[in-house]
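A.B. asks: Structural data only, the sequence is not supplied:
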């Protein structure tokens, strides 16, 4: 047995492991459901030729059994307890236990789930009114009960060709048979056409590909274009893509999305095996010819054009007479001046921060009050990316600021500094004049070496480092305090 996980404490958000079959050429990969954020889990099992033979995006409690390169994926694994040999009674007909036991112990959600395990529960009290064939759901991938609960009658179901003789239902009708199961998400399986492929494309956040799209071009020049659009009521799509007369085609996933990190896709062959997949990828091409895949990622085609610098605007540094805290007309720049440390990060009714509307109150005006250049508005950086990754920018930080504001770009540039709007640090900066007891060299940089020890230190005027060095001491925006202790007890910090 080999067990592993992805641990951010190791300094990366992915792992690579070599998994070998036993002497019989077989092995089973199981991804459990222990994560509190299973939707963020993505994995791919790749064979020696470099082809992804199984993959999962945002999945858990899923099993991929591999034997001599052939894969069977099960997203509802059976109970691990062994079945009792020769079980014939209803009491022990499902892996040595009754179907009622599995329902009552909450280890099975439904009779339909036990049917997928291969159990015949037609005699149990919990399931005797449910309709299925042993080993599989009997009517377009769901039980007859599911269709009845969705408003269809037994006569409708019979017209579709389904056997629901065990159902207790009535009424009549002749509704056209469904073309798809009501199941929300697709499962990989063999396609009807042995020459075509199936593309499964999904968005992990659930709001579509945000401008991104995929294009399939066969070797005859026929083009198919698609995307994931949340307006369609789902966060995934399934498309059948067929090669041209030469047996070839190219899938291209473009870089048009504003959130490419949320894009997931898998290209599955007629046998149900994933032959190519991508998680959080864009500007990538998968060329397929007679089932053989080659992947290509593209470099930028040209250097970016520098943005011209605008001419500075001449501006007099003074507080606005019109600025006030959003929804609070009485809380104007005079109110900000009473407590600038806490109030300069407040947002005004016009959407601007107090640092912009009340620069004098926030101590941002120079001593020489003659005309000067207007201060730069507080904005998030467009250059910062977690560990240098452009997809994990300040917009990514905004999804979970309490978790991500403390991250850096790999070069000690914290999101707290690079994304001040997102992390609430606008106008919050360390003093460049404060010195511990007035001693040269013992500035806020000195405090940063041991914030928990030095943030209570004072200068000659009695100003603490916690007041003069708020960024260093964890007193700015969305970050944990570096000085707080439970009842003052050492070691019981955040």
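C.D. replies: Received it, and whenever you're ready, just let me know what you need. Owing to the predicted nature of the structure, the values given are computational and were not obtained by experimental measurement.
A.B. asks: Going by C-alpha atoms from here, please, whenever you check contacts or count neighbours.
C.D. replies: Fine.
A.B. asks: Residue 325 reaches residue 345, doesn't it?
C.D. replies: No: the pair residue 325 / residue 345 is not scored as a contact, 10.2 Å apart, by CA atoms under 8 Å.
A.B. asks: Give me the common contacts of the two.
C.D. replies: residue 354 (CA atoms under 8 Å, 6 or more residues apart in numbering).
A.B. asks: so residue 422 makes contact with residue 397?
C.D. replies: Yes: assessed by CA under 8 Å, residue 422 is found in contact with residue 397 at 7.3 Å.
A.B. asks: Overlap of the contact sets of the two?
C.D. replies: If you check residue 422 and residue 397 against CA under 8 Å, 6+ apart, no residue is contacted by both.
A.B. asks: residue ranges with poor pLDDT in the stretch 101-250 of the chain?
C.D. replies: Counting by pLDDT under 70, the stretch 101-250 of the chain contains low-confidence ranges at 105-106, 115-116, 118, 120, 122-151, 157, 159-194, 205, 232-235.
A.B. asks: quick one: terminal-to-terminal distance for stretch 43-56?
C.D. replies: One end of stretch 43-56 sits 5 Å from the other (CA to CA, to the nearest Å).
A.B. asks: avg pLDDT for it?
C.D. replies: Averaged across stretch 43-56, the pLDDT comes to 81.
A.B. asks: Repeat that for stretch 252-267.
C.D. replies: 82.
A.B. asks: try stretch 331-344
C.D. replies: Rounded mean pLDDT across stretch 331-344 is 89.
A.B. asks: Please point out which parts of stretch 17-26 sit buried.
C.D. replies: Neighbour counts over stretch 17-26 (16 or more other CA atoms under 10 Å) mark no residue as buried.
A.B. asks: so how far is that stretch from its chain's centroid?
C.D. replies: 31 Å (CA atoms, centre = their mean, to the nearest Å).
A.B. asks: Same question for stretch 16-26.
C.D. replies: 29 Å.
A.B. asks: And for that stretch, what's in contact with it?
C.D. replies: For stretch 16-26, the surrounding residues in contact (CA under 8 Å, 6+ apart) are 2, 27, 65-68.
A.B. asks: what's the first-to-last distance across it?
C.D. replies: Using CA to CA, first and last residues of stretch 16-26 are 20 Å apart.
A.B. asks: Could you report the separation of residue 56 from residue 274?
C.D. replies: For residue 56, the distance to residue 274 - CA to CA - is 10 Å.
A.B. asks: The two: who's more crowded?
C.D. replies: Set side by side, residue 56 and residue 274 show more neighbours around residue 274, with 28 against 22, by other CA atoms under 10 Å.
A.B. asks: which residues does that one contact?
C.D. replies: 51-55, 266-268.
A.B. asks: what stretches of the stretch 351-494 of the chain score poorly on pLDDT?
C.D. replies: 367-376.
A.B. asks: For the stretch 351-494 of the chain, which segments are assigned as helices?
C.D. replies: 354-357, 394-399, 401-404, 415-418, 420-423, 444-447, 451-454, 465-468 (DSSP state H, counting those that start in this stretch).
A.B. asks: Off-centre distance for the fifth one?
C.D. replies: In this case it means helix 420-423. That offset, for helix 420-423, works out to 21 Å (CA atoms, centre = their mean).
A.B. asks: Could you do the fourth one as well?
C.D. replies: When distances are taken as CA atoms, centre = their mean, helix 415-418 is centred 22 Å away from the chain's centroid.
A.B. asks: Quick one: residues in contact with it.
C.D. replies: By CA under 8 Å, 6+ apart, the residues outside helix 415-418 that reach it are 380-381, 384, 394, 397, 404-409, 423-425, 477-478.
A.B. asks: Is it possible to mark the buried ones in those?
C.D. replies: 380, 384, 394, 397, 404-409, 423-425, 477-478.
A.B. asks: So residue 360 is in contact with residue 334, correct?
C.D. replies: No: using CA under 8 Å, residue 360 makes no contact with residue 334, being 10.0 Å away.
A.B. asks: of these two, who's got more company?
C.D. replies: residue 360 (21 against 16).
A.B. asks: mind listing what the more buried one touches?
C.D. replies: Counting by CA under 8 Å, 6+ apart, residue 360 has contacts 317-319.
A.B. asks: if you set the cut-off to 6 Å instead, what comes out?
C.D. replies: Residues counted as contacts of residue 360 (CA atoms under 6 Å, 6 or more residues apart in numbering) are 318-319.
A.B. asks: phi, psi of it?
C.D. replies: phi -70, psi -40 (degrees, to the nearest 10).
A.B. asks: Which parts of the stretch 151-300 of the chain are helices?
C.D. replies: Under DSSP H, counting those that start in this stretch, the stretch 151-300 of the chain gives helices at 154-159.
A.B. asks: In it, what residue spans correspond to strands?
C.D. replies: 197-203, 214-218, 223-226, 236-241, 248-253, 263-268, 274-279, 284-289, 292-297 (DSSP state E, counting those that start in this stretch).
A.B. asks: Mind putting those strands into CSV with distance to residue 491?
C.D. replies: Converted to CSV, those look like this (distance: least, CA to CA, whole Å):
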stretch, distance to residue 491
strand 197-203, 42
strand 214-218, 52
strand 223-226, 55
strand 236-241, 47
strand 248-253, 50
strand 263-268, 42
strand 274-279, 40
strand 284-289, 48
strand 292-297, 48
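A.B. asks: Could you point out which of these sits nearest residue 452?
C.D. replies: strand 274-279 (40.0 Å; CA to CA).
A.B. asks: So in that sheet, which strands flank that closest one, and in what orientation?
C.D. replies: strand 263-268 (antiparallel) (DSSP bridges).
A.B. asks: how many other residues sit next to the nearest residue to residue 410 once chain neighbours are set aside?
C.D. replies: By the measure of CA to CA, 6 or more residues apart in numbering, the closest residue to residue 410 outside its immediate chain neighbours is residue 387, 4.5 Å from it. By the criterion of other CA under 10 Å, residue 387 has 17 neighbours.
A.B. asks: Also the one 4 residues further on?
C.D. replies: With neighbours defined by other CA under 10 Å, the count for residue 391 comes to 18.
A.B. asks: Spit out the contact partners of it.
C.D. replies: Residue 391 neighbours (CA under 6 Å, 6+ apart): none.
A.B. asks: Now residue 203. Nearest residue, chain neighbours left out?
C.D. replies: residue 263 (5.0 Å).
A.B. asks: From residue 53, how far out is the one you found?
C.D. replies: 19 Å.
A.B. asks: One more: residue 431?
C.D. replies: Counting by CA to CA - residue 431 and residue 53 are separated by 57 Å.
A.B. asks: Pick out whichever of these two has more residues nearby.
C.D. replies: residue 53 (23 against 15).
A.B. asks: mind checking the SS state of that one?
C.D. replies: strand (DSSP: H, G, I helix; E, B strand; the rest coil).
A.B. asks: give the contact list for it.
C.D. replies: Taking CA under 6 Å, 6+ apart, one finds 45-46, 273-275 in contact with residue 53.
A.B. asks: and the helices of the stretch 351-494 of the chain as JSON lines, adding distance to residue 33?
C.D. replies: Shown next, in JSON lines, are the helices of the stretch 351-494 of the chain (distance: least, CA to CA, whole Å):
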{"stretch": "helix 354-357", "distance to residue 33": "46"}
{"stretch": "helix 394-399", "distance to residue 33": "23"}
{"stretch": "helix 401-404", "distance to residue 33": "22"}
{"stretch": "helix 415-418", "distance to residue 33": "31"}
{"stretch": "helix 420-423", "distance to residue 33": "32"}
{"stretch": "helix 444-447", "distance to residue 33": "44"}
{"stretch": "helix 451-454", "distance to residue 33": "38"}
{"stretch": "helix 465-468", "distance to residue 33": "43"}
